[in-house]
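>>> Let's see this in three dimensions:
(4 chains)
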Protein chains: 2
Amino acid sequence: MKDSIWTRERKATSPRETLSRKQIVAAAMDILDTEGVSGLSMRKLAAKLVAGATSIYWYVDTKDDLIDLLIDEVWGEIDVPEPELAGWRAGALLFGHSLRSAVLRHPWLPEVMYTRPSIGPNAMSMGSRGLVLFGAAGFSEHEIDLAMGSVMSYVLGTVSAEVATREMVRKSGRSEENWVSEILEQAQSVASDYPEMQKSVRRRTAMDLDAGLTENFVFGLDALLDGLESRVKK
Amino acid sequence: MKDSIWTRERKATSPRETLSRKQIVAAAMDILDTEGVSGLSMRKLAAKLVAGATSIYWYVDTKDDLIDLLIDEVWGEIDVPEPELAGWRAGALLFGHSLRSAVLRHPWLPEVMYTRPSIGPNAMSMGSRGLVLFGAAGFSEHEIDLAMGSVMSYVLGTVSAEVATREMVRKSGRSEENWVSEILEQAQSVASDYPEMQKSVRRRTAMDLDAGLTENFVFGLDALLDGLESRVKK
DNA sequence: GACGATCTCGTACAGTGTGCGAGCCCTTTG
DNA sequence: CAAAGGGCTCGCACACTGTACGAGATCGTC
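Here you go, the predicted structure:
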């Protein structure tokens, strides 16, 4: 077994003031959260750390490896309730919300998440706790995997689309209302041949953005959990 | 309303042999499908078209706009059954499968899809037909949006994760069996502290990859549709 | 034949990830 | 105390990116 990113970590044995993987990850996370994926360059990151551009490469083999680290950092923020506390269903709901808000806190995640599998330690820990939670529902061993996977996929898929919308608003620099009216205009002109779509866009833009997105999320998650629950009772 | 990418299309009025947006999109699609996002550069694309690197910019303002075009091209491949043919539920299932297989045909999609909203003409057409389909189920106007959105999010989320796995296999260059055993090894070593996860990984790698991923997809979609269906009958 | 529109493309610029190797500092060994 | 060696930093260089700019080619129309 050749050592992976996760196992091979340099440690400073000297008291000299030195960089560390922790610092690097923290600084990179900061850039990512505020400026997005395109805002993260090795040179900028190094500048933020008051270091030479290539010094980072002592701690991390490639930029991609760094991003793996950052992704796993996010998985570390998810909390997965233990089933004893509130039961399976409530736990799954909480898990979903925790996952969603973590992604909203780190809106760069969808852009990079789907290009690699997550096998870092935090991902493993989250997965493990998730399996315990879903295991308490009474699924068969095989269905535990399927159920947890479908919930995670739904949540991540939904919130990824949500992020796309929200980032659009943010990048436009305009206020939310202005943006809504603009996108309405744009969508209308493209969708003029499709009255159903036109009406749907109007419906969506008529309501509060935050509330709408949240309702969206909850509606589907609830439905999915209903469907899953019915699969266990037999 | 300032003209958008969708409305502003150059048309060759001269018989002279000239580039066209259609050619460009087709060539770019080819590169994307075979080499992925990182394989698409304006220079390489131009070379494939036997043209100067910057000639493309006559038809397309930026690379990002080109990608918008390409994404919409994919939405054009989705078929959405009319509800009269097979009913709502069967139609939704078909829609889901069509969506999934389109993404599997264009595995670069998840990487770019979540960085922008889809408001091209094909997206609108797909959305419109989707709304008709879900409308036939008997939801309220508002719930139609929610239901369709949740199904699309589930499908795209699931298949995006699926693509991440599949691309990993492809990029490793190794055969599927070799990769499976390797990832097992890697995951095991990281997950050694998490027995549930270790067992789950073993379960997944024990079965056929294709079959497993498909079962995964169908299981969740079915559960979600169950949950949605129960919301309409009251 | 002249003009304006359409279209192509060479050059250039600022930026990217990162391989390489020179050099600094600190600890350990003799 | 000196020498050796490992841990760590960083300047330089390379190949590559997206694309702004402006000069030129080719066309239809007057």
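
>>> make it CA atoms for all contacts and neighbour counts henceforth
Noted.

>>> what's the lowest-mean-pLDDT helix or strand in chain A packed up against?
Taking mean pLDDT, DSSP states H and E as the measure, chain A has helix A:176-190 as its least confident helix or strand, at a mean of 71. The contact analysis (3 or more CA pairs under 8 Å, 6 or more residues apart in numbering or on different chains; DSSP states H and E) places helix A:176-190 against helix A:141-172, helix A:195-206.

>>> between it and helix A:195-206, how big is the angle?
180 degrees (axes from the mean of the first three to the mean of the last three CA atoms, to 10 degrees).

>>> quick check: angle from helix A:176-190 to helix A:141-172?
100 degrees.

>>> List the contacts of helix A:176-190.
A:V169, A:S172, A:Q198, A:V201, A:R202, A:T205, B:M1, B:W6, B:I119, B:G120, B:P121, B:M124 (CA atoms under 8 Å, 6 or more residues apart in numbering or on different chains).

>>> Kindly recompute the last result at 10 Å.
Residues from elsewhere that reach helix A:176-190 (CA atoms under 10 Å, 6 or more residues apart in numbering or on different chains): A:166, A:168-170, A:172-174, A:191-192, A:194-195, A:197-199, A:201-202, A:204-209, B:1-4, B:6-7, B:118-125.

>>> now stretch A:196-210
Residues outside stretch A:196-210 that contact it (CA under 10 Å, 6+ apart) are A:162, A:165-166, A:176-177, A:179-181, A:183-185, A:187-192, A:195, A:212-213, A:215-216, B:123-132, B:135, B:141-142, B:144-145.

>>> Which segments of chain A make up each domain?
Listed by automatic domain parsing, the domain ranges of chain A are A:21-73, A:76-230.

>>> Tell me the gap between the longest one and the middle of its chain.
The gap between where domain A:76-230 is centred and where its chain is centred comes out at 9 Å by CA atoms, centre = their mean, to the nearest Å.

>>> can you check the shortest one too?
What separates the centre of domain A:21-73 from the centre of its chain is 18 Å, taken as CA atoms, centre = their mean.

>>> Tell me if it is near DNA strand D.
Yes: Domain A:21-73 lies within reach of DNA strand D by CA under 7 Å from any atom of the strand, at A:V50, A:A51, A:G52, A:A53, A:T54, A:S55, A:I56, A:Y57, A:W58.

>>> near DNA strand C too, which of those?
A:A53, A:T54.

>>> Can you tell me which of the helices and strands packed on helix A:176-190 is packed in deepest?
The highest mean neighbour count among those, using mean count of other CA atoms under 10 Å in any protein chain shown, belongs to helix A:141-172: a mean of 21.

>>> ok, back up a step: in the least confident helix or strand of chain A, what's buried?
By 16 or more other CA atoms under 10 Å in any protein chain shown, the buried positions in helix A:176-190 come out as A:W179, A:V180, A:I183, A:L184, A:Q186, A:A187, A:Q188, A:S189, A:V190.
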